[in-house]
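Q: Predicted model follows, preceded by the sequence.
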Amino acid sequence: MARHVWSDMKATDSRECRHCHAFSQMSPSKHNPAVVKRHALAQEQGKTCIDCYMDIAHRMPDEFIDNGHMEYIEQERECTHCHVEM
């Protein structure tokens with residue numbers, strides 16, 4: 001189910017998110033500088049919301065969770081902690 005939703009959102013450029021959270025509507029002065037930098041990088045790379053926020057509404061499928069990632073999931077660390085290119 002989650003993969004289906006992610007695929008649909010990718011195909012629509014995360015339309016549901018962008019109703020309220022379009023890059024052009026974000027105010028850099030109201031965000032953490034690291035968030036501003038990540039959003040700018042995402043724009044440059046042509047990413048859409050779902051590329052980074054896959055698990056915001058749906059639990060990650062078990063095949064995405066391996067022993068190497070469990071520690072970070074339990075600590076609720078963002079993927080970008082290690083995957084800086086995201």
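A: Now that the structure is in, tell me what you want to look at.
Q: going forward, measure contacts and count neighbours with C-alpha atoms only.
A: Fine.
Q: Show me the helices in the chain, by range?
A: Here the chain has its helices, by DSSP state H, at 2-11, 15-21, 33-44, 49-52, 67-74.
Q: Pick out the shakiest of those helices, pLDDT-wise.
A: With a mean of 70, helix 67-74 has the lowest mean pLDDT of the helices of the chain.
Q: what's the closest of the helices of the chain to V84?
A: helix 33-44 (8.5 Å; C-alpha to C-alpha).
Q: Would you mind finding the most buried of the helices of the chain?
A: helix 49-52 (a mean of 18; mean count of other C-alpha atoms under 10 Å).
Q: can I have it written out in CSV, keeping just the CAs?
A: Presented in CSV, the C-alpha positions along helix 49-52 are these (Å, rounded to 0.1, in the frame of the first residue of the first chain):
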residue,chain,number,x,y,z
CYS,A,49,8.3,15.9,-1.3
ILE,A,50,7.8,12.2,-1.3
ASP,A,51,11.5,11.5,-2.1
CYS,A,52,12.4,12.6,1.5
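Q: picking up where we left off before, redo the helices of the chain as CSV? Include distance to H81.
A: Shown next, in CSV, are the helices of the chain (distance: least, C-alpha to C-alpha, whole Å):
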stretch, distance to H81
helix 2-11, 22
helix 15-21, 22
helix 33-44, 11
helix 49-52, 12
helix 67-74, 9
